[in-house]
Every structure is written in structure tokens, then in C-alpha cells.
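Novice: Could you work out the structure for the sequence below:
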Amino acid sequence: MIYANVEQADVDIQVSGAQDVAGNTQIAYTETAAFDIDTVAPTVTSVSVNDATITDADVAVDGFLVTVDFSEAMDTLVNPTITFNRIIKATQKKIRAEDTMKQKQYMKKFQEKSIPSF
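Specialist: Model prediction:
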């Protein structure tokens, strides 16, 4: 993009100087607050977890929650990708992940999947 890191609200558009075929000059026109410019990329302002040491009990009861805060409102239909720098060995438990995207916050919860008994 030509103009990166630009944020400008309420950009006006002015139109003047046009002429019709008879030579009449148009009356100048201004459309106020026609659009906004936002080429500033959002940033992560913090990442937190609900428990620094994960145990089987954590996953079974309350789950392991990762919370990511952003610098600006995000598209709530697009979930970010969270990766860990260490391989987490799978257990015999079935784990489900639940995503919640709010305006400026994303939460991913890992919890033991409940299996109905018959």
C-alpha cells in the first residue's frame, strides 16, 4: 500500500470546475465526511492465560484459557491463529477448543470434551 500507517476520519470530497457543453461552470460541491482511511495495522497489546501450569484437572474443570487483547476493534468473523512454541503432547482425553472473538479481545478455551454416557 502506498500510504501505510495512516488513520484519518471524515475525509471530505470536493468537486469543482466542471463545465457542461454550453460552457456553464458547475456549482462547487462538497461531500463532508464521505469516507475514512485506516491503513494502520492492529497490534496485540497483551496475551494472558488463566493458569501458568496446566494440569489434567485444569482442562477437565475450568479449561485452559488464552486471552489476546488488540489495539483496535477487530472483525469478529475472523479468528486469529494461536500457536505454541513447544509441542504439547496429546493425552488420552478428548479436548475441544472454543473460540470467542469480541471487538478488541479474542479468547480461546481448551477444555475436556464431555462424552455423554448411555
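
Novice: could you point out which element follows the lowest-mean-pLDDT helix or strand in the chain?
Specialist: Across the helices and strands of the chain, mean pLDDT, DSSP states H and E gives its lowest value to helix 56-60, namely a mean of 66. Next helix or strand after helix 56-60 toward the C-terminus (DSSP states H and E): strand 64-70.

Novice: Tell me which stretches of the chain form strands.
Specialist: Using DSSP state E, the strands of the chain run over 7-15, 29-38, 44-49, 64-70, 95-101, 105-112.

Novice: what comes up buried for the first one?
Specialist: For strand 7-15, the buried set under the neighbour-count rule, 16 or more other C-beta atoms under 10 Å, is empty. (Glycine included, C-beta is placed from N, CA and C.)

Novice: Please name the residues that touch the nearest residue to Lys104 once chain neighbours are set aside.
Specialist: Excluding the flanking residues, the one nearest Lys104 by C-beta to C-beta, 6 or more residues apart in numbering is Phe70, at 5.0 Å. Contacts were defined as C-beta atoms under 8 Å, 6 or more residues apart in numbering; by that measure Phe70 touches 42-45, 104-106.

Novice: Looking at the strands of the chain, which is nearest to Thr81?
Specialist: strand 105-112 (9.8 Å; C-beta to C-beta).

Novice: one step back: against Ser16, how distant is the residue nearest to Lys104?
Specialist: In this view, Phe70 and Ser16 are 41 Å apart by C-beta to C-beta, to the nearest Å.

Novice: Likewise for Asp99?
Specialist: 50 Å.
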